[in-house]
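Asker: build me a structure from this.
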Amino acid sequence: MRSVYDRKFKEQKELSLMVKMIPSPDWFVGLDSLNLCEGNRWKQEVTVDLQPYDAGTDSGFTFSSPNFPTTPPENITKITSQMPNHPANSFYYPRLKELPPIASIKIIRQHRSPDRLTSISNHILPNSISPQRFSATPLDCEVSLWSSWGLCLGPCSRGRVRHRTRYILLRPANAGSPCPELEEQAECVPHSCMKKHQ
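Answerer: This is a model prediction of the structure:
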């Protein structure tokens, strides 16, 4: 009989939860079987930092990616600073060993007395997340090298221009240096126009 009681107590003292990140392809944060007790007593307070996970049902890389179902679905995986290993990934910060927590959950035991019941709320408590728990390492923007210059476009009678572009390799974070211009243009004169002027 005691083993049945122990099993029931064990089942009731663990917490599992999952919260979808919005917007995101299929990312979430969560807990699996968090033990809320020490021995046979409830813990007074539990604080846990949460990391992002990929549910394996959508292949998007960024928070606002359009729906791109993963067929067949893949296993749930933890998102890290280097996985998925793609510069377009919103969490891709290869210089970091690990991502700072994306969220934190704080659970506080509520006391009840026979004469007065304490109201229990599932709302987020003010100041429940300490800002110092999160990384403040500044990450500067990094961009690729310029592409080759494009074709010289426009009529010969007016100034013609050509363009070149570059793309973002690493987005800035925590007050890091912002990204420079990603497109550049310059005046040009193609050989066909030079021949007309001669």
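
Asker: let's see the distance spanning stretch 61-76 from one end to the other.
Answerer: 15 Å (Cα to Cα, to the nearest Å).

Asker: pLDDT of the top strand by length along the chain, averaged?
Answerer: Longest among the strand segments of the chain by residue count, using DSSP state E, is strand 27-35. For strand 27-35, mean pLDDT is 90.

Asker: would you agree Glu45 is in contact with Glu38?
Answerer: No. Applying Cβ atoms under 8 Å, one finds Glu45 not in contact with Glu38, separated by 11.6 Å. Heads up, the C-betas are built off the backbone N, CA and C, glycines and all.

Asker: which residue packs closest to the spatially most central residue of the chain, ignoring adjacent ones?
Answerer: Geometric centre of the chain, nearest residue: Phe91, 4.8 Å, by Cα atoms, centre = their mean. Sequence neighbours aside, Ile79 is the residue nearest to Phe91 in space, at 5.2 Å (criterion: Cβ to Cβ, 6 or more residues apart in numbering).

Asker: the one you found and Ala186, how far apart?
Answerer: 40 Å (Cβ to Cβ, to the nearest Å).

Asker: what do you get for Asp58?
Answerer: In this view, Asp58 and Ala186 are 41 Å apart by Cβ to Cβ.

Asker: check Thr80 too.
Answerer: In terms of Cβ to Cβ, Thr80 sits 41 Å off from Ala186.

Asker: now do Pro66
Answerer: Relative to Ala186, Pro66 is positioned 34 Å away (Cβ to Cβ).

Asker: those two: who's more crowded?
Answerer: Remark: of Pro66 and Ala186, Ala186 carries more neighbours, 11 against 8, as counted by other Cβ atoms under 10 Å.

Asker: give the buried residues for stretch 161-173.
Answerer: Using 16 or more other Cβ atoms under 10 Å as the test for burial, stretch 161-173 gives 162, 166, 170-171, 173.

Asker: now swap in stretch 96-104 and tell me
Answerer: 96, 99-101.

Asker: looking at the residues you listed, which are in strands?
Answerer: Among the buried residues of stretch 96-104, no residue falls in strands (DSSP E).

Asker: what residues are up against the residue nearest to the centre of the chain?
Answerer: Residues near Phe91 by Cβ atoms under 8 Å, 6 or more residues apart in numbering: 52, 79-81, 99.
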